[in-house]
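Engineer: 3D, please:
(one chain, ligands or ions: 1)
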Amino acid sequence: MADQERLSEGLTEINEGLSETSEGTAEASTRLICAGGELLEGGDGVRFEIELDGEAAPAFAIRHGGRVYGYLNRCAHIAMELDWKLGKFFDADAEYLICSTHGAVYAPESGACRGGPCRGAALVGLNMFEADGKVYMRRG
Ligand code: FES
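Structural biologist: Sure, this is the predicted structure:
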């Protein structure tokens, strides 16, 4: 829980820092992640990195319910990457995101823990959107 709070605070600081340097332009405050077609419903995620506390941190994007979501690739149980094989985040039914280490499951649309050792904690969500067939992360 403390780690999640620290991560959230770190992301907020990053977003605030980026907002200050982006001079308010929409282009500067967004980052292209991938083509929308790379994210299939319940399919493989796209891995990418964000800067967190001055260091690169793994993140990923997935599609669920027709929408794109992004999260820090860090389990709320222990700070491990979730994917059981690179880009494989969904369980067998593509219903939940599942951590490969101890099996914590998370709601794809919110990152909230739905079972396993995450015990009410959640993934750290990123602000994603899709426009003109491309997936972006909003930084601020
Ligand atoms: S590290 Fe993810 S469930 Fe334990």
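
Engineer: helices and strands of the chain: which one bottoms out on pLDDT?
Structural biologist: Within the chain, confidence by mean pLDDT, DSSP states H and E is lowest for helix 2-21 among all helices and strands, at a mean of 44.

Engineer: so where's this protein shaky on pLDDT?
Structural biologist: For the chain, residues meeting the criterion pLDDT under 70 lie at 1-28, 140.

Engineer: buried set for the strand ranked longest in it?
Structural biologist: What stands out as the longest strand in the chain, according to DSSP state E, is strand 55-64. Neighbour-count burial for strand 55-64 flags Ala57, Pro58, Ala59, Phe60, Ala61, Ile62, Arg63, His64 (criterion: 16 or more other C-beta atoms under 10 Å). Glycine gets a C-beta too; all of them are placed from N, C-alpha and C.

Engineer: Between those residues, which sits nearest Asn73?
Structural biologist: Taking C-beta to C-beta as the measure, Asn73 sits nearest to Pro58 out of the buried residues of strand 55-64, at 3.9 Å.
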